[in-house]
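[1] Please find the sequence and the predicted model below.
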Amino acid sequence: MLLPSSPSPLMRALSERGYDDLTPVQKQVLAREVSGRDLLVSAQTGSGKTVAYGLALGETLLDAAGSLGQAAKPLALVVAPTRELALQVERELVWLYAKAQGRVVACVGGMDPRAERRRLELGAHIVVGTPGRLRDHIERGALDVSELKAVVLDEADEMLDLGFREELEFILETTPAGRRTLLFSATLPEAIVQIARRFQRDAARVEAAGHAGGHADIEHRAVRVHPREIGNVVVNLLRQADAPAAIVFCATREAVRRLHATLSERGFDAVLISGELGQAERNRALQALRDGRARVCVATDVAARGIDLPNLGLVIHADLPHDAEILQHRSGRTGRAGRKGVSVLLVPASRRRKAETMMVEAGVVPVWSGPPTADEIRALDQQRLLGDPALTEPATDEDLSLARILMAMSSQEQIAVALARLHRARLPAAEEVADPGDRSTSFRDRPEPGHRAGPSTAEPAERRGPFGASVWFRLAVGRKQNADPKWLLPMICRRGGITRKEIGAIRIFDVESKVEIAADAAEGFAASALRAEKGDVVISRLDVAGGDERRAPAPRARPPYAKPAYAAPAQPREKRERPRHDRAERPAGQPKPFKHGAKARRT
């Protein structure tokens, strides 16, 4: 049951949002013994701390009637490390204080400071912002902190990691000495303790239950991978989970760009977030994830801090985190507010010891396994198709009319085959991957992808005899555009609505590639693949002058690493004889001949 001592307007807002109970950290923050005091709270991401300090601020800001009064100079200040987290906090506080007529204003980097100044001039009860932008407004006189009753530092350890200690100290020194200071942090390093001792008075220490053991609602997995197959493993994990929303963490911006390109080419609705994006682009990417237009976000650690996606069911660590704290922050993006989530750590053999140490420090006990295989993904696809509501929901009159037409034109088997093809065509193709822990598979025996000398060839996934009658098609992408069989093959399957068995050789040249398609699948492939949309790789039928287009010969490849042949000289160069000046033969008084490089004598 909700605590009766909490401010009633805020309780009504929680009830309307569907809260049946408070989280452990929210209950501890509102306990009678800490009411009205400064707070030093250690709570993990996703533990409900935003609502916790929102309720705690209510005790300080609301009057006996549960009102905030007319908005004028700010009464509370919330400082967050990133724009995304600050904007998320603003949204949470807006609905929490809606019944109390609270006015919340956000001030973050990347937004128009003049618009923020105008909103501040209209008055605010609570201001939420990033350290740098808040300091700038204070120094310019746009933000008056003289009447502040409370200051909240959210994700304080993150702000120190990002180098905001000077800004935090400036803000705390500028605000009134009698204010309440609420400090929230996932971890409490020595620097946080020093700030607490300097700026807090008689602070109550609050630690959320189960803090050391990680989220109970997150299933942690560790997957053994080959370093060169990480992109393919990410594809299979996304296909296996089929989560409404997922986030994939990479260590660098370049890694984010590469993986995002890989996933987009394979048919995933993916967005990327990195430090090089402007705020408007980041907002559009996050909105696409929230409204379902995108289901995968590829991001760096710094850019993804503070992201809150309500349907995020899967977190993949494509690159190993630097330490246990980053692992906790990444994983905490999922499993929030009682929802279940999965966190998957991809571990190459060379990094296993570091991964195991990190997970021990984070209090995480993962389930180890190899990557999901293509056969496992195909089996899941079959189960999902058989359980699809389209097969069990009652048919409408329009559905029955179309079904009778189809049955009159085709057999039941043909209709079922068409249904399976349509189902398979809308799904990204699963990848063939190996388990480094499986001794029966030797990765060294696997071909190196993307051969760089001469045209590259990717053989079909299954070994077989001659390919038979075929048609060649041209792809307007080559080695100079980083064409590689490992992403060309699934792209060709998706664009043409075919399987790998219907693809022969793929040959990659400097500015184009050529693919061999089985003759019996070529017409359907052409009808589907040649309709290029904006941003698609252009595919065209390969025309062969004077020859049979259906039996176009494979392009002749130059021998790899061919060296130019230089004509040998007709006769060997004769050695030029230089006159020798022997001491005995040199006439008396004649100077010694000059030698290049010799030091000139000073006269």
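    Structure received. Not measured: the values here are computed from a predicted model. Residues are numbered from 1 along each chain as shown.
[2] Do you know the pLDDT at Ala64?
    Looking at Ala64, its pLDDT is 79.
[3] number of nearby residues for Ala418?
    Counted with other Cβ atoms under 10 Å, the neighbours of Ala418 add up to 12. (C-beta placed from N, C-alpha, C; glycine too.)
[4] List the contacts of it.
    Contacts for Ala418 (Cβ atoms under 8 Å, 6 or more residues apart in numbering) come out as Ser410.
[5] residues contacting Ala476?
    Contact analysis of Ala476 by Cβ under 8 Å, 6+ apart lists 511-512, 537-540.
[6] which among the residues you listed end up buried?
    Buried subset of those (neighbour count, 16 or more other Cβ atoms under 10 Å): 512, 537, 539.
[7] As CSV, the contacts of Ala476 with pLDDT, secondary structure and distance to Glu356 would be great.
    Listed next are the contacts of Ala476 as CSV, based on pLDDT from 0 to 100; DSSP: H, G, I helix; E, B strand; the rest coil; distance: Cβ to Cβ, whole Å:
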residue, pLDDT, secondary structure, distance to Glu356
Val511, 86, coil, 46
Glu512, 90, coil, 46
Val537, 84, coil, 41
Val538, 87, coil, 47
Ile539, 90, strand, 46
Ser540, 89, strand, 51
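[8] Can you name the two of these that sit furthest apart?
    Longest distance between any two of the contacts of Ala476 is 14.6 Å, between Val511 and Ile539; criterion Cβ to Cβ.
[9] where in this protein is pLDDT low?
    For the chain, the stretches with pLDDT under 70 are 1-7, 17-20, 44-46, 208-216, 302-306, 336-338, 438-467, 532-535, 543-603.
[10] Show me how the record splits it into domains.
    8-212, 215-376, 450-551 (automatic domain parsing).
[11] Relative to Asp399, which of the ones you listed is closest?
    Of all these, domain 450-551 sits nearest to Asp399, with 23.2 Å by Cβ to Cβ.
[12] show me where the stretch 201-350 of the chain has helices.
    Remark: helices assigned in the stretch 201-350 of the chain by DSSP state H, counting those that start in this stretch are 230-241, 253-265, 279-290, 301-304, 324-331.
[13] and of those helices, who's closest to Gly163?
    Among the helices of the stretch 201-350 of the chain, helix 301-304 sits nearest to Gly163 (Cβ to Cβ), with 11.1 Å.
[14] Helix, strand, or coil at Glu166?
    For Glu166, the assignment made with DSSP: H, G, I helix; E, B strand; the rest coil gives helix.
[15] Could you dump the domains of the chain into JSON lines with distance to Gln412 added?
    JSON lines is the format used below for the domains of the chain (distance: least, Cβ to Cβ, whole Å):
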{"stretch": "domain 8-212", "distance to Gln412": "46"}
{"stretch": "domain 215-376", "distance to Gln412": "27"}
{"stretch": "domain 450-551", "distance to Gln412": "21"}
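[16] Tell me which of those lies nearest to Arg404.
    Closest of the domains of the chain to Arg404 is domain 450-551, at 25.1 Å (criterion: Cβ to Cβ).
[17] Leu160 is in what secondary structure piece?
    Leu160 belongs to helix 156-161 when assigned by DSSP states H and E.
[18] Pull out the buried residues from stretch 95-106.
    96-97, 99-100, 102-106.
[19] how close does Val225 get to Leu346?
    Between Val225 and Leu346 the distance is 5 Å, computed by Cβ to Cβ, to the nearest Å.
[20] With Arg352 instead?
    As for Arg352, its distance to Leu346 is 11 Å (criterion: Cβ to Cβ).
[21] Compare these two (neighbour count), which wins?
    A direct count of neighbours by other Cβ under 10 Å for Arg352 and Leu346 places Leu346 higher, at 24 against 16.
[22] mind listing what the more buried one touches?
    If you count contacts by Cβ under 8 Å, 6+ apart, Leu346 has them with 223, 225, 230, 233-234, 316-320.
[23] switch to 7 Å and redo it
    Shown in contact with Leu346 (Cβ atoms under 7 Å, 6 or more residues apart in numbering): 223, 225, 230, 233, 316-318.
[24] Looking at those residues, which are in strands?
    223, 225, 316-317 (DSSP state E).
[25] Most neighbours out of these, which is it?
    Using other Cβ under 10 Å as the neighbour criterion, Ile316 leads the ones in strands among the contacts of Leu346 with 27 neighbours.
[26] Can you verify my assumption that that residue contacts Asn236?
    No: using Cβ atoms under 7 Å, Ile316 makes no contact with Asn236, being 10.6 Å away.
[27] out of the buried residues of stretch 95-106, who's nearest Glu167?
    Of all these, Glu167 sits closest to Ala106, with 16.6 Å by Cβ to Cβ.
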